[in-house]
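A.B. asks: predicted structure and sequence below. I'll ask about it afterward.
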Amino acid sequence: MGIEARIQPICLSTPYPELSYKWAKDIHVYLTTRFGSGIEYGLLKVLEIAPVLPSITFHIYGSVYPRRKNNIEYHGTVSEEEFNSDIKNYHACIRLNEHDGFGDALAKSALMGQWPISVIAYPHITHAPGMKSLISALKELKNKKEPNHEGAIYWRKELSKDLI
């Protein structure tokens, strides 16, 4: 039909988050979701794998459930400032949507030099399309002692491109 489509990932936060990754022995990852969309955002997958990975704390933003359950902490809906302040101390965003744009939380994670994990394949982001690969990627975070410099540089350049 003569329609040309161009996909351009964006990050809505300005200014972009700075490189802030610092390795820590205690691994913390985060997931954004919306109430009522647990399947779409992968919350049910996190509930399934969290008991298998008791040394990792899973932070859930957007959904409100019990404040804390074992190694899962629910934060509910928070301001962007609070979210940004919290996540700069974590290791990775996990984005488990199977059909998705390039989520803002994933962009922030990459820009901060974290080691984000996604079901969808993106450059410099760990691709974990299934439960086995997701568990493996999460276990590997303990070995990520340096920031993901290549990913941060790549995504800063990619996200800075003009949309037109």
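C.D. replies: That came through, no problem. Numbers count the residues shown, from 1 in each chain.

A.B. asks: what about residue 26, neighbour count?
C.D. replies: Number of residues near residue 26 (other CB atoms under 10 Å) recorded here: 9. Using the backbone N, CA and C atoms, a C-beta is placed for each residue, glycine as well.

A.B. asks: brain fart, residue 144
C.D. replies: Residue crowding around residue 144 was assessed by other CB under 10 Å; the count is 17.

A.B. asks: for it, give me its contacts.
C.D. replies: 23, 91, 115 (CB atoms under 8 Å, 6 or more residues apart in numbering).

A.B. asks: for residue 86, see how far away the residue nearest to the second one when sequence neighbours are not counted is.
C.D. replies: So that's residue 91. Counting by CB to CB, 6 or more residues apart in numbering, residue 141 is the residue found nearest to residue 91 once chain neighbours are left out, at 4.9 Å. For residue 141, the distance to residue 86 equals 17 Å [CB to CB, to the nearest Å].

A.B. asks: who has more neighbours out of the two?
C.D. replies: residue 141 (20 against 16).

A.B. asks: point to the residue nearest the middle of this protein.
C.D. replies: By CA atoms, centre = their mean, the chain has its centre lying nearest to residue 93, at 1.8 Å.

A.B. asks: specify the beta-bridge partners of that one.
C.D. replies: residue 30 (DSSP bridges).

A.B. asks: ok, residue 108 - how many residues close by?
C.D. replies: 25.

A.B. asks: the residue nearest to it when sequence neighbours are not counted is in what secondary structure piece?
C.D. replies: Nearest non-adjacent residue to residue 108, counting by CB to CB, 6+ apart: residue 17, 5.1 Å away. Using DSSP states H and E, residue 17 is not contained in any helix or strand.

A.B. asks: going forward can the numbers begin at 267, since that is how I track them
C.D. replies: I'll keep to 267 as the first residue from here, and by that count the last item is residue 283.

A.B. asks: please verify my assumption that residue 283 contacts residue 379.
C.D. replies: No: contact criterion CB atoms under 8 Å: residue 283 and residue 379 do not qualify, at 9.3 Å.

A.B. asks: let's verify residue 324: helix, strand, or coil?
C.D. replies: strand (DSSP: H, G, I helix; E, B strand; the rest coil).

A.B. asks: what about it, distance to residue 293?
C.D. replies: Distance of residue 324 to residue 293, given as CB to CB: 10 Å.
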